[in-house]
Structures are given as structure tokens and as C-alpha cells.
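Student: can't give you the sequence, but here's the structure:
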């Protein structure tokens, strides 16, 4: 997988925090507790786009 595909497959934790409207530190804490899907790649913590998109989709489905 080249770097462009990698960048398209994950969100950074700060990106997810902005999408969810929460503080960056809270997003890191949720990832650490396992409440936010995240993977550690070396020193980086990233969130798979499919998992986050599914998480965001669940919220909109519950509101219907």
C-alpha cells in the first residue's frame, strides 16, 4: 500500500475529533479506552475511515 492509499484509508485522531465536535484530548482518551476505533501505527494513532464512517452513520440512523 503506498502512502496515498494509506492516507485515504485512515483519519487522524484530530480529524475525528473535529468531525465529532469534541476536544482533541478527549478523542485521544476515547481511543485509549477503546470507545473510539483506532490503530497504533508506530507512534501514530489513526482511525480507520470505514469504522468512523460506520460510527457516524449509526448516529444518524438512531435519530430517524
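Tutor: Cool, the structure landed. Quantities reported herein were computed from a predicted structural model and do not represent experimental measurements.

Student: What part of this protein, helix or strand, is modelled with the least confidence?
Tutor: Between all helices and strands in the chain, the lowest mean by mean pLDDT, DSSP states H and E belongs to helix 3-9, at a mean of 71.

Student: For the residue nearest in space to the middle of the chain, give me its contacts.
Tutor: Taking Cα atoms, centre = their mean, the centroid of the chain lies closest to residue 47, which sits 3.6 Å from it. Neighbour list for residue 47: 10-13, 15-16, 31, 36-39 [criterion: Cβ atoms under 8 Å, 6 or more residues apart in numbering]. Heads up, the C-betas are built off the backbone N, CA and C, glycines and all.

Student: quick one: which of these is most hemmed in?
Tutor: Of all the contacts of residue 47, residue 16 has the most neighbours under the rule other Cβ atoms under 10 Å, reaching 26 neighbours.

Student: ok now do it, which residues does it touch?
Tutor: Residues in contact with residue 16, defined by Cβ under 8 Å, 6+ apart, are 27, 36, 47, 52.

Student: I'd like to know how many residues surround the nearest residue to residue 8 once chain neighbours are set aside.
Tutor: Excluding its sequence neighbours, the residue lying closest to residue 8 (Cβ to Cβ, 6 or more residues apart in numbering) is residue 49, at 7.5 Å. Around residue 49 there are 14 other residues, counting by other Cβ under 10 Å.
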